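Student: Show me the folded form of this:
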Amino acid sequence: MCFPLTEEQLAAWRSDFYDSAKNRLAQNVCTARDPLNACLRTPADLSTVLFGHKTWHEVEKPGKATTGGPGWICTGLDMLRLEFAKHYPVPAEFELSPGHLIFWHKLERCNYFLWTVAQLLERCEPRDGRIFRNLMKHAVPDGGNWQMFVNLVKKHGVMPKTCYLFYPQRVRQLNQILRSKLHEFASVLHAQYTFDGDASRLPKVIGRMLPQLYKVVSICLGEPPEEFTWKYYDLKKRYQCLENVTPLHFYEVMLAPTCDVNSFVCLGHDPRLSSSYQSNYEVVHSSNMVDGLPQRYNNQPMEMILQIIVDSLAGEMPVWLGCDLNIRFTSKTEVLKLSLKSHRFDLLFGLEVGDSFTKADRMIYKESRRNTALLLTAVGLNSLEEPVEFRTISASAMGKSSSTGSLQEDDDKENKEKNAKAKKLKRSSAKALSLEADWLKEYAFEIVVHQSFVPSGVLNASRIPRSMELPPWDPMGAFIG
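Tutor: Residues are numbered from 1 along each chain as shown. The predicted structure follows:
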């Protein structure tokens with residue numbers, strides 16, 4: 001059934017609207033300023049929501065967040081850095097290089113993309129099918145996941161930020177070139193497969209394509225050094241020098257003994273009826289490396305997730321959090337606080353916004369998905385030892401990585417608006433971010449935590465090889481920016 005809008009309806013709605021002085025005032029306010037800021041509660045108003053005395057457990061000297069790359073890379077490097085700093089007197093401003101991992105992520109993803117196209121052609125996947133279209137859309141994304149980070153670190157290692165000069169502003173232009181070229185190469189592979197009738201010659205064709213992509217990445221970003229020399233003054237002002245060290249050797253010798261990426265467990269929270277707790281889930285086409293790990297997690301109830309987070313932070317081990325950080329509902333103050341009660345939409349519009357959906361409903365109707373990685377470094381407990389607030393240092397909290405686009409999309413209005421928002425919020429990106437526990441329950445989807453803080457039953461369940469597949473467009477498989 002279809003019922004078009006009629007002039008009578010519009011006239012009645014218009015009359016009812018302008019009969020209300022409150023509606024006219026709200027219209028005047030919102031045409032002059034941001035409607036979301038108009039609904040924002042003041043800090044004084046929010047302070048009336050009391051939790052009582054809080055006992056804090058936090059990671060020792062978390063320092064500043066790593067910047068200059070996508071959140072999933074910077075947050076992963078911060079996890080390694082914090083554990084490394086516990087055992088070595090590195091300077092307070094020490095950071096690991098996100099640019100080093102970005103370079104290898106781009107190159108490895110190009111290789112992964114081409115071989116995935118070849119596999120889809122062998123399986124006779126239709127080019128206008130959802131799987132093929134999704135791969136074309138995310139040909140070489142800035143976004144990623146924890147398993148992508150693990151793949152890069154285990155194969156290419158890490159290095160200090162001062163040892164590789166990197167220009168993050170070049171990544172956007174690189175993405176445009178690579179995406180255009182990868183789409184072109186996908187059509188070449190399809191033509192070759194159609195001409196031959198099989199995939200026997202595709203490896204040779206891909207072998208001719210990869211050097212061209214390597215050249216593009218190297219020209220735009222500059223290749224990281226195969227060996228580096230790291231000179232610095234430690235916390236005791238002593239001169240230190242490490243010479244002729246490879247990034248992989250640096251990770252295996254200096255970081256892996258205290259913070260091995262293989263010793264972390266990925267747990268998710270998906271309350272949809274289609275997902276069961278204690279089960280493992282794997283997202284197809286979610287890797288950045290041939291023979292690399294795909295995204296995989298063990299689904300757990302939120303009560304278990306919260307307890308594991310608290311245990312880890314009480315043990316002074318940070319927690320990698322994948323969540324939906326919707327920048328529409330964040331304030332622009334220096335110290336940000338995410339709360340379900342931060343806005344009063346009912347006062348302005350006479351209706352609630354975002355309160356009627358459950359977490360499962362938001363996932364089903366594409367209202368919510370994970371899009372940001374945060375590093376939790378502190379938890380506040382009330383008198384009942386229940387978590388009520390969390391803190392993070394992640395610089396990715398308010399920013400988004402530049403999305404991939406075609407060569408013609410540089411002047412696209414939507415991209416301009418996203419970039420403008422990111423620039424406006426850049427000043428607050430390295431500040432502390434506070435999350436209320438109620439907010440985390442609704443918008444947290446995944447955590448990565450050291451296995452020593454995971455109960456044995458959950459740990460054993462996560463190690464079961466059998467897993468259920470999720471499509472790459474599932475909310476739990478969304479790339480983190």
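Student: need the helices for the stretch 251-400 of the chain, in chain order.
Tutor: 302-314, 345-349, 359-364 (DSSP state H, counting those that start in this stretch).
Student: Spatially, which residue comes closest to residue 368, not counting chain neighbours?
Tutor: residue 362 (3.7 Å; Cβ to Cβ, 6 or more residues apart in numbering). C-beta: built from backbone N, CA, C; applies to glycine.
Student: The helices of the stretch 251-400 of the chain: lowest mean pLDDT?
Tutor: Ranked by mean pLDDT, the helices of the stretch 251-400 of the chain bottom out at helix 345-349, with a mean of 90.
Student: Return the set of buried residues in that helix.
Tutor: Buried residues in helix 345-349, counted by 16 or more other Cβ atoms under 10 Å: 345, 348.
Student: For that helix, enumerate the helices and strands it packs against.
Tutor: Counting contacts by 3 or more Cβ pairs under 8 Å, 6 or more residues apart in numbering; DSSP states H and E, helix 345-349 is packed against helix 21-32, helix 35-39.
Student: Could you single out the most deeply buried of those?
Tutor: helix 35-39 (a mean of 16; mean count of other Cβ atoms under 10 Å).
Student: Restricting to C-alpha, output the very next helix or strand once past that helix in PDB.
Tutor: Sequence order places helix 43-46 as the next helix or strand after helix 35-39, per DSSP states H and E. What follows is helix 43-46, C-alpha atoms only, in PDB (Å, rounded to 0.1, in the frame of the first residue of the first chain):
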ATOM      1  CA  PRO A  43      28.900  20.000  32.400                       C
ATOM      2  CA  ALA A  44      27.100  21.400  35.400                       C
ATOM      3  CA  ASP A  45      23.900  19.600  34.500                       C
ATOM      4  CA  LEU A  46      25.800  16.300  33.800                       C
END
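Student: ok, and what's touching helix 43-46?
Tutor: Contact partners of helix 43-46, identified using Cβ atoms under 8 Å, 6 or more residues apart in numbering, comprise 333, 337, 339, 341, 342.
Student: How many residues are close by residue 436?
Tutor: 22 (other Cβ atoms under 10 Å).
Student: Need the contacts of helix 43-46 in JSON lines (columns: distance to residue 464).
Tutor: Output for those, formatted as JSON lines (distance: Cβ to Cβ, whole Å):
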{"residue": "333", "distance to residue 464": "45"}
{"residue": "337", "distance to residue 464": "39"}
{"residue": "339", "distance to residue 464": "37"}
{"residue": "341", "distance to residue 464": "40"}
{"residue": "342", "distance to residue 464": "40"}
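Student: before we move on, the earlier item: out of the helices of the stretch 251-400 of the chain, the one nearest residue 179 is which?
Tutor: helix 359-364 (27.7 Å; Cβ to Cβ).
Student: about what we covered before: between the helices of the stretch 251-400 of the chain, which one is closest to residue 378.
Tutor: Using Cβ to Cβ, the helices of the stretch 251-400 of the chain put helix 302-314 closest to residue 378, at 6.4 Å.
Student: So residue 143 sits against residue 477, correct?
Tutor: No - look at residue 143 against residue 477 with Cβ atoms under 8 Å: they stay out of range, at 10.8 Å.
Student: Low-confidence regions, the protein specifically.
Tutor: 46-51, 327-336, 394-432 (pLDDT under 70).
Student: Surely residue 56 forms part of a strand?
Tutor: Yes - assessed by DSSP: H, G, I helix; E, B strand; the rest coil, residue 56 belongs to a strand.
Student: which residue packs closest to it, ignoring adjacent ones?
Tutor: Nearest one to residue 56, counting by Cβ to Cβ, 6+ apart, is residue 380 at 5.2 Å.
Student: show me the contacts for the residue lying closest to residue 381 once chain neighbours are set aside.
Tutor: Computed as Cβ to Cβ, 6+ apart, the closest residue to residue 381 that is not its neighbour in sequence is residue 55, at 4.8 Å. Counting by Cβ under 8 Å, 6+ apart, residue 55 touches 380, 381, 382, 385.
Student: How about residue 289?
Tutor: Counting by Cβ under 8 Å, 6+ apart, residue 289 has contacts 108, 109, 111, 112, 148, 151, 152, 155.
Student: do the same with residue 304
Tutor: Per Cβ under 8 Å, 6+ apart, neighbours of residue 304: 267, 455, 458.
Student: give me that answer again for 10 Å
Tutor: 267, 269, 277, 278, 454, 455, 457, 458 (Cβ atoms under 10 Å, 6 or more residues apart in numbering).
Student: Farthest pair within those residues?
Tutor: The most distant members of the contacts of residue 304, if one measures by Cβ to Cβ, are 269 and 457, lying 16.6 Å apart.
Student: Name the residue in the two with the higher neighbour count.
Tutor: Counted by other Cβ under 10 Å, residue 269 and residue 457 do not tie: residue 269 has more neighbours, with 24 against 10.
Student: That one touches residue 475, doesn't it?
Tutor: No - with contacts counted by Cβ atoms under 10 Å, residue 269 stays clear of residue 475, the gap being 11.5 Å.
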